[in-house]
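1. Quick one, what's the 3D model for this:
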Amino acid sequence: MAGKCIFNNAWLEMPAYKMWLQRNVSDVHSARCTICYKNFSVASMGKSAVKSHAKSRKHIDLQSTRRTSMNVVRSYSNDKNTPESICKPQDSPSLFAASSTSNIGNIESHVVKNDVLAAEILWTLKTLKNHGSYKANEDIEKMFNRMFPDSAIVSKFSCREKKPAYYAAYGIAPYLENLLQENLNTKNFVLFDESLNIMRQEKQMDVHVRYWHQNRVSTIYFNSVFLGHSRSSDIFEEFISTIAKLKFSKTIQILMDRPNVNWKF
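-> Residues are numbered from 1 along each chain as shown. Here you go, the predicted structure:
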């Protein structure tokens, strides 16, 4: 009987996989996709299982959506660093005037596009901060058009139910998560809280990180896991999987509820 395949660290260096593939620290016979947020087995097929997952329709769609959304979030700041083009005079004054007018029109269009993007992202952040409903954004552009009828930005503003959801899930959230992970290159310790979610009637493990940042101690929410009925070993596996992206060498302490709880850690 053939043995089981295990995860190969060499896969993490392959260009086709390194942007989304991770080792599942709780199971050497599986891998984790950071785009689909799921684990998949490599026990039977090894590298072929990774290749098969990369070709799956769900993975391709999510990868395309994330790439587009990340470009949308970053484009506003990146465009500010783009050198201005230099226009060379033409032999004919009329041609030069036409070229200048065209360039000015293109610049204005580009500026308005970036300003619209910035406005949509700011509106999405406001919706999230105020715990607003995405559905409440339906037809919001009509209200803005009535309020600011002479605004070029408002005339192109569109932030209905689905667009803020995509901005939040595939643009803003990954971007902020990356910023948090960069901050966690300093010493930090991880704490968790296992509690009952009354609405779902399931045990919910909320993971937070606390670290020294900007001359003060910062405590930030990191992730949540819904456990259902679980043993200490289940909690441990889910906890390790949740913090897989953090550097264990930077962890100072893992907090427990009290001394007789979660000895598995």
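2. can you give me the strands in the protein?
-> Assigned by DSSP state E, the chain shows strands spanning 21-23, 30-33, 38-41, 188-197, 202-213, 216-226, 251-255.
3. quick check: mean pLDDT across the shortest one?
-> I take that to be strand 21-23. Across strand 21-23, the average pLDDT comes to 90.
4. which residues are in contact with it?
-> Strand 21-23 is contacted from outside by 7, 9, 11, 12, 31, 32, 33, 34, 50, 244, 245, using Cβ atoms under 8 Å, 6 or more residues apart in numbering. No exception for glycine: its C-beta is placed from N, CA and C like everyone else's.
5. comparing the strands of the chain, which gets the lowest mean pLDDT score?
-> When the strands of the chain are ranked by mean pLDDT, strand 188-197 comes last with a mean of 64.
6. rewinding a little: and of the strands of the chain, who's closest to residue 142?
-> strand 216-226 (34.9 Å; Cβ to Cβ).
7. hmm, back to that, now, of the contacts of strand 21-23, which are buried?
-> For these, a neighbour count by 16 or more other Cβ atoms under 10 Å gives the buried set as 7, 11, 31, 32, 33, 50.
8. And the contacts of strand 21-23, which two are furthest apart?
-> It's 50 and 245 that sit farthest apart of the contacts of strand 21-23, by Cβ to Cβ, at 18.3 Å.
9. which of the strands of the chain is buried the deepest?
-> The highest average neighbour count among these, using mean count of other Cβ atoms under 10 Å, belongs to strand 30-33 at a mean of 21.
10. Could the C-alpha coordinates of that one be exported in CSV?
-> The C-alpha coordinates for strand 30-33 follow below in CSV (Å, rounded to 0.1, in the frame of the first residue of the first chain):
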residue,chain,number,x,y,z
SER,A,30,-2.8,19.0,3.7
ALA,A,31,-2.2,22.5,2.4
ARG,A,32,-4.1,25.8,2.9
CYS,A,33,-5.2,28.3,0.2
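11. Just checking: what are the partner strands of that strand?
-> Paired strands of strand 30-33, with direction, are strand 21-23 (antiparallel), strand 38-41 (antiparallel) (DSSP bridges).
12. Export these to JSON lines and append columns for distance to residue 58.
-> Formatted as JSON lines, these follow (distance: least, Cβ to Cβ, whole Å):
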{"stretch": "strand 21-23", "distance to residue 58": "15"}
{"stretch": "strand 38-41", "distance to residue 58": "9"}
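13. To residue 239, which of the ones you listed lies closest?
-> Taking Cβ to Cβ, strand 38-41 is the member of the strands paired with strand 30-33 nearest to residue 239, at 14.5 Å.
14. neighbouring contacts of the closest one?
-> 24, 27, 29, 30, 31, 32, 33, 49, 53, 241.
15. Which residues are in contact with the fourth one?
-> It refers to residue 30. 7, 24, 39, 40, 41, 42, 43.
16. again, only this time at 6 Å
-> Residue 30 is in contact with 24, 39, 41, counting by Cβ atoms under 6 Å, 6 or more residues apart in numbering.
17. May I see those arranged in a markdown table, with distance to residue 249 as well?
-> As requested, these are exported to a markdown table (distance: Cβ to Cβ, whole Å):
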| residue | distance to residue 249 |
| --- | --- |
| 24 | 19 |
| 39 | 23 |
| 41 | 28 |
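18. picking up where we left off before, mind putting the strands of the chain into CSV with distance to residue 150?
-> Listed next are the strands of the chain as CSV, based on distance: least, Cβ to Cβ, whole Å:
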stretch, distance to residue 150
strand 21-23, 50
strand 30-33, 48
strand 38-41, 49
strand 188-197, 48
strand 202-213, 43
strand 216-226, 41
strand 251-255, 55
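19. looking at those, which is closest to residue 122?
-> Distance to residue 122, taken as Cβ to Cβ, is lowest for strand 216-226 among the strands of the chain, at 21.5 Å.
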